[in-house]
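S.K.: Below is the sequence, then the predicted model.
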Amino acid sequence: YGATLAVEPFLDDLTNWYVRRSRRRFWKSEQDADKNEAYATLYQVLTTLCRLLAPFTPFVTEAMYQNLVRSVDPDAPESVHHTDWPQADPAAVDEALLARMALARGVVTLGHSARNSAGIKLRQPLARALVHLEPDAGDLDEELVALVRDELNVKEVAFADDVSDLVTYRLLPDNRTLGPRFGKRFPAVRAALEAQDPQTAVRRLRAGLPLPLDLEGEEVELTPEEVLVREVPRKGLAVASERWVTVAVDTVLTPELVAEGLAREVIRRVQSLRKEADFNLDDRIVTLYHAEGILAEAIQTWEDFIAAETLSVELRPDQPEPEMHVGEFRVGGHALRIGVRRAQEKTSEV
């Protein structure tokens with residue numbers, strides 16, 4: 001059991017990062033080098049993982065092996081259990097790249113947390129994300145900044161030199177631990193914390209260092225666990241932070257951003273219908289819809305984007321055809337009726 005625990009986070013990385021972020025590479029109609037490399041990488045990972053997991057899940061991995069390997073290479077070993085155990089190649093590990101990617105994913109996680117704190121869905125585009133990195137945090141190159149921008153669904157990612165541009169802090173004593181420790185002097189502890197420079201104090205605490213206080217002429221130290229840090233975002237921002245990284249998202253929604261958010265909600269509904277209809281991942285479809293008001297306007301404005309994201313070769317306002325797979329929804333408080341079918345399917349004559 002313990003040996004498989006290392007596989008679980010890897011599977012999460014594979015499915016929720018590599019496969020999800022490579023969808024457009026898989027979907028594209030042209031058979032170019034980029035698409036072939038995406039498939040080749042996934043194939044290498046799956047076949048290696050199949051051999052790795054064979055002792056733990058012998059029957060599932062055997063089925064995977066027969067589908068992935070034996071079906072295309074009759075000369076391969078007859079069973080996954082006849083293959084060699086995969087060997088790691090330390091020379092292939094790029095530690096610097098892994099560190100930068102870990103930072104990018106940390107920024108994305110904090111950005112999602114900031115969105116959640118403001119009650120804003122990820123499908124709703126926002127104007128910008130602001131990122132403050134302490135010197136020890138590392139940095140992000142242009143490619144990873146673009147990844148963060150895409151993952152956070154923002155139009156711009158900017159970097160703030162000073163964390164105070166994003167958030168202010170309020171330091172409070174932990175009553176449960178400091179009350180018994182200082183007794184009648186507890187109010188003085190609260191006053192001493194309020195007199196601290198918040199940014200400097202928070203920097204020390206997040207580094208795991210004690211915070212020195214002048215308590216009525218006596219120097220005392222509070223551990224990070226004894227000080228509660230309350231973040232107060234600047235107006236119009238939602239903020240989340242962890243150790244060396246602080247991320248803020250702009251929560252102001254313009255009509256243009258709201259319209260794009262509605263379009264993305266429509267995409268979600270079409271994708272759910274594709275799944276219900278059991279379409280293949282790369283099937284091109286025809287999509288008809290009926291909507292009114294600002295929802296209809298948003299669909300028309302973002303027609304090309306919706307069509308590209310849902311692989312709709314035809315997207316137009318009309319009542320669904322009789323043979324279509326149909327769904328009815330509420331999007332942004334507005335009624336939406338959608339019908340989908342494979343592009344090659346023909347409806348019967350009425």
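M.R.: Perfect, thanks for sending it.

S.K.: Which other helices and strands does the helix or strand hosting Val107 contact?
M.R.: Assigned by DSSP states H and E, Val107 belongs to helix 95-118. If you count contacts as 3 or more CB pairs under 8 Å, 6 or more residues apart in numbering; DSSP states H and E, helix 95-118 packs onto strand 126-133, helix 142-152, strand 237-242, strand 245-250. Glycine gets a C-beta too; all of them are placed from N, C-alpha and C.

S.K.: Going by neighbour count, list what's buried in it.
M.R.: When neighbours are counted by 16 or more other CB atoms under 10 Å, the buried residues of helix 95-118 are found to be 100-101, 103-108, 110-115.

S.K.: Next up, the contacts around Ala188.
M.R.: Applying CB atoms under 8 Å, 6 or more residues apart in numbering, we find Ala188 in contact with 182, 215-216.

S.K.: Just the buried ones out of the residues you listed, please.
M.R.: Taking 16+ other CB under 10 Å as the criterion, what is buried in the contacts of Ala188 is Phe182.

S.K.: Tell me the one among the contacts of Ala188 nearest to Ser312.
M.R.: Phe182 (66.2 Å; CB to CB).

S.K.: For Pro212, see how far away the closest residue to the closest one other than its chain neighbours is.
M.R.: Closest residue in space to Phe182, ignoring its immediate chain neighbours: Val189 at 5.4 Å, by CB to CB, 6 or more residues apart in numbering. Plainly put, Val189 is 12 Å away from Pro212 if you go by CB to CB, to the nearest Å.

S.K.: So if I had to pick from those two, which one is more boxed in?
M.R.: Neighbours per residue (other CB atoms under 10 Å) separate Val189 from Pro212, with Val189 holding more: 21 against 14.

S.K.: Run through the residues that contact Val286.
M.R.: So Val286 contacts 312-314, 324, 340-343, 345 (CB under 8 Å, 6+ apart).

S.K.: Let's see that with 7 Å instead.
M.R.: Counting by CB atoms under 7 Å, 6 or more residues apart in numbering, Val286 makes contact with 312-314, 340-341, 343.

S.K.: quick one: it is in a helix?
M.R.: No. Under DSSP: H, G, I helix; E, B strand; the rest coil, Val286 falls outside any helix and is assigned strand.

S.K.: which stretch among the helices and strands packed on helix 95-118 comes nearest Gln271?
M.R.: So among the helices and strands packed on helix 95-118, helix 142-152 is nearest, using CB to CB, at 17.3 Å.

S.K.: hmm, back to that, for the strand or helix carrying the residue nearest to Phe182, buried residues please.
M.R.: If you go by DSSP H and E, Val189 is part of helix 186-194. Going by neighbour count (16+ other CB under 10 Å), the buried part of helix 186-194 is 188-190, 192-193.

S.K.: so what pLDDT did the residue nearest to Phe182 get?
M.R.: pLDDT, Val189: 94.

S.K.: contacting residues around it?
M.R.: Counting by CB under 7 Å, 6+ apart, the residues that Val189 touches are 173, 178, 182, 213, 215.
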